[in-house]
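Visitor: below is the structure, and that's it, no one-letter string:
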């Protein structure tokens, strides 16, 4: 004797209605806050954020978020550099054992480069690359500089999500 599969009745769970509605790209209108931007706007906003934290949000007209990110990441960078005596990293290719120096400095270098334009300005002016390990706040300053760069990478991803219409 074969058993037929009986449909299982499901009761509505109260949490099912609290999930946000998922909308496809096609259903988003141009006036919706989640409307995707053009590819050019996406690229410009991401590059602007790399040049200066928060600038991409300003391009996307997210005034509050852009100002908050510019002040927090820019402030973290300036505090780490000038008040806490941190230093910026750059790869050293000068000696025969420089390969090992590059390998040990590449992660902090990539983190520092995350602040983009601020790092470039410091590089052009040759400011912040001299280490002051005797300063009592040296390691804290370095940490501020590293975290500022890493946070800006996350801000670039945030700008990308906003420009693509994935996030408000």
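Guide: Alright, I've got the coordinates. Please read these numbers as outputs of a predicted model, since none were measured by experiment.
Visitor: next SSE downstream of the worst-scoring helix or strand of the chain on mean pLDDT?
Guide: When the helices and strands of the chain are scored by mean pLDDT, DSSP states H and E, helix 98-113 comes last with a mean of 75. Counting by DSSP states H and E, the element after helix 98-113 in chain order, helix or strand, is helix 117-125.
Visitor: and the angle from the next helix or strand after that following helix to helix 117-125?
Guide: Using DSSP H and E, the next helix or strand after helix 117-125 towards the C-terminus is helix 138-164. Using axes from the mean of the first three to the mean of the last three C-alpha atoms, to 10 degrees, the inter-axis angle of helix 138-164 relative to helix 117-125 is 130 degrees.
Visitor: now do helix 138-164, average pLDDT.
Guide: Taken as a whole, helix 138-164 carries a mean pLDDT of 93.
Visitor: same for that helix, what does it pack against?
Guide: Using 3 or more C-beta pairs under 8 Å, 6 or more residues apart in numbering; DSSP states H and E, the elements in contact with helix 138-164 are helix 39-51, helix 55-59, helix 63-78, helix 98-113. Bear in mind the C-beta positions are built from the backbone N, C-alpha and C, glycine included.
Visitor: so residue 51 touches residue 115, yeah?
Guide: No - applying C-beta atoms under 8 Å as the test, residue 51 and residue 115 come out as separate, 9.5 Å apart.
Visitor: these two: which has the busier surroundings?
Guide: Using other C-beta atoms under 10 Å, the more surrounded residue of residue 51 and residue 115 is residue 115, with 29 against 14.
Visitor: ok, that one touching residue 147?
Guide: No - Residue 115 is beyond contact range of residue 147, at 10.2 Å (criterion: C-beta under 8 Å).
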